[in-house]
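S.K.: heads up, no residue letters with this:
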C-alpha cells in the first residue's frame, strides 16, 4: 500500500461535472483492451508480464516496487497501489457533490478491509499476509488500517478502531459481544454491513439526478449482500434463528418479505426459481449450471459481482453530463485491476489458460 491518507466525504455543493468528466473520459480511453489481456495471458512467465505492464500506465507503480523482487506478489502490490492512486487522483479533481457521492460508494472498500483484518485475526494469520489483501480505497487510511492490523486478536483490533474513533467503531463494539459468546464472525460482519448500508443510504438521500444514480448503485450492492446471505443460509442450520435480523434495508429488489421467504427455502433450486423474475434472475440462472458443476456458492457471488459491474459501467452511458461518468470509470478501473490480478495469480500457480479466461469479467 503506497498511500497514507484517505479522502473523507465532502459536505458542500458544487455540481459542475464538465471538467471532471472530460478528464475521466481521457483516463477511460487508456483502459486496457481484450487484446492486451490476451497478450498477458499468453505470456511465457511473470517476467514477460512485468515487461508488458511496464509499457502501460502501470509502469510507474511497478518501478516503485520492483526493488523488492520480480514475482507475482510484487506485481499485485503495484496493481493495488495504482488503483488507490487513481481513485485519489479522481477524488482530487471532482466537484464537491461528486466527491461526496463517490466517497460514499467507495466506503464499500472500508467494509472489505475491516472484514479482511478481522478474518485474519480470527484465523491467526500473519499480519504481513493479511496486509497484502488490503486496498485502502475507502475513507480509512493506510495508517488507520495498519493500526488495526498490528493488534494480536479480534478484540484488540476492535479496541484500536474505537481508540482511533473510526466511523465503524460503534458497529464493531455492537458486534463484539456476540463474537465473544459464539466465536463466530458472522454477527460482527453483519453489524459492519448494516452500518455501511444505513450510513450510505442516509448520505445519498438528497434530491437530484446524481444522488439518484448513486442510490441505485448502493441499492444493488445491498441487494447483493442480502442474496449472498440467503445463499450462505442454504448451507447452515438456521432453524433456531430469526432470519429477519439478517436482512439489510435499502435494496432495490430484495425487500424484507422476499428475503425471509427465500431464506426459509430448503434448497438452492427453490431460491433460484423464486428469484427468476427479479432483476437478478438472468445472472443467477446463468450461474446455476456452473454451481451444479463445482458445488460452490462462490459462483453466485461472482455472477452477482458481474451483474453489478455491468450495471454501474452502463450508468456512464446513460448519464454523460453527471456523476455517472465518474462512477462508471471507478468501477471499470476496479474491474481492470481485478482482471489483471487474476491473470497474474493464474500464471504464478499454473492455472490453465482457459480457466483464467473464464474468471475474467470483460465489460
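M.R.: Now that the structure is in, tell me what you want to look at. This is a predicted model, so every value here is computed, not measured.
S.K.: what about the helices in the stretch 51-200 of the chain?
M.R.: Taking DSSP state H, counting those that start in this stretch as the criterion, the stretch 51-200 of the chain contains helices spanning 59-65, 72-93, 96-106, 108-122, 127-131, 142-149, 154-164, 169-182, 186-203.
S.K.: okay, those, which one's buried deepest?
M.R.: helix 96-106 (a mean of 23; mean count of other C-beta atoms under 10 Å). (Glycine included, C-beta is placed from N, CA and C.)
S.K.: just the angle between that one and helix 186-203, please?
M.R.: Inter-element angle recorded for helix 96-106 and helix 186-203: 160 degrees (by axes from the mean of the first three to the mean of the last three C-alpha atoms, to 10 degrees).
S.K.: run through the residues that contact residue 16.
M.R.: Neighbour list for residue 16: residue 95 [criterion: C-beta atoms under 8 Å, 6 or more residues apart in numbering].
S.K.: before we move on, back to that, kindly reformat the helices of the stretch 51-200 of the chain as TSV containing mean pLDDT.
M.R.: What follows is the helices of the stretch 51-200 of the chain, written out as TSV (pLDDT from 0 to 100):
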stretch	mean pLDDT
helix 59-65	97
helix 72-93	96
helix 96-106	95
helix 108-122	97
helix 127-131	95
helix 142-149	96
helix 154-164	96
helix 169-182	92
helix 186-203	94
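S.K.: I'd like the next helix or strand past the host helix or strand of residue 26.
M.R.: Element membership for residue 26 (DSSP states H and E) is helix 18-28. Once the chain leaves helix 18-28, the next helix or strand it forms, by DSSP H and E, is helix 34-41.
S.K.: residues near residue 322, how many?
M.R.: Applying other C-beta atoms under 10 Å, we find 23 other residues in the vicinity of residue 322.
S.K.: residue 25 now?
M.R.: 13.
S.K.: in three-state terms, label the closest residue to it other than its chain neighbours for me.
M.R.: Of all residues not flanking residue 25 in the chain, residue 325 sits nearest, at 6.8 Å (C-beta to C-beta, 6 or more residues apart in numbering). Using DSSP: H, G, I helix; E, B strand; the rest coil, the structure places residue 325 in helix.
S.K.: pretty sure residue 325 is touching residue 26, no?
M.R.: No. Applying C-beta atoms under 8 Å, one finds residue 325 not in contact with residue 26, separated by 11.3 Å.
S.K.: more crowded one of those two?
M.R.: Taking residue 325 and residue 26 together and counting by other C-beta under 10 Å, residue 325 has the greater number of neighbours (23 against 9).
S.K.: mind listing what that one touches?
M.R.: Neighbouring residues of residue 325 by C-beta under 8 Å, 6+ apart: 17, 20, 21, 24, 25, 316, 319.
S.K.: got a pLDDT number for the residue nearest to residue 25?
M.R.: Residue 325 is assigned 95 on the pLDDT scale.
S.K.: same check on residue 294?
M.R.: We note a pLDDT of 86 for residue 294 in this prediction.
S.K.: can you tell me how far it is from residue 357?
M.R.: 16 Å (C-beta to C-beta, to the nearest Å).
S.K.: those two: which has the busier surroundings?
M.R.: Legend: neighbour count by other C-beta under 10 Å for residue 294 and residue 357, higher for residue 357 (16 against 9).
S.K.: now that one: which helix or strand?
M.R.: Using DSSP H and E, residue 357 sits within helix 353-359.
S.K.: quick check: mean pLDDT of that helix?
M.R.: Model confidence over helix 353-359, given as mean pLDDT, is 92.
S.K.: which elements pack onto that helix?
M.R.: helix 34-41, helix 324-349 (3 or more C-beta pairs under 8 Å, 6 or more residues apart in numbering; DSSP states H and E).
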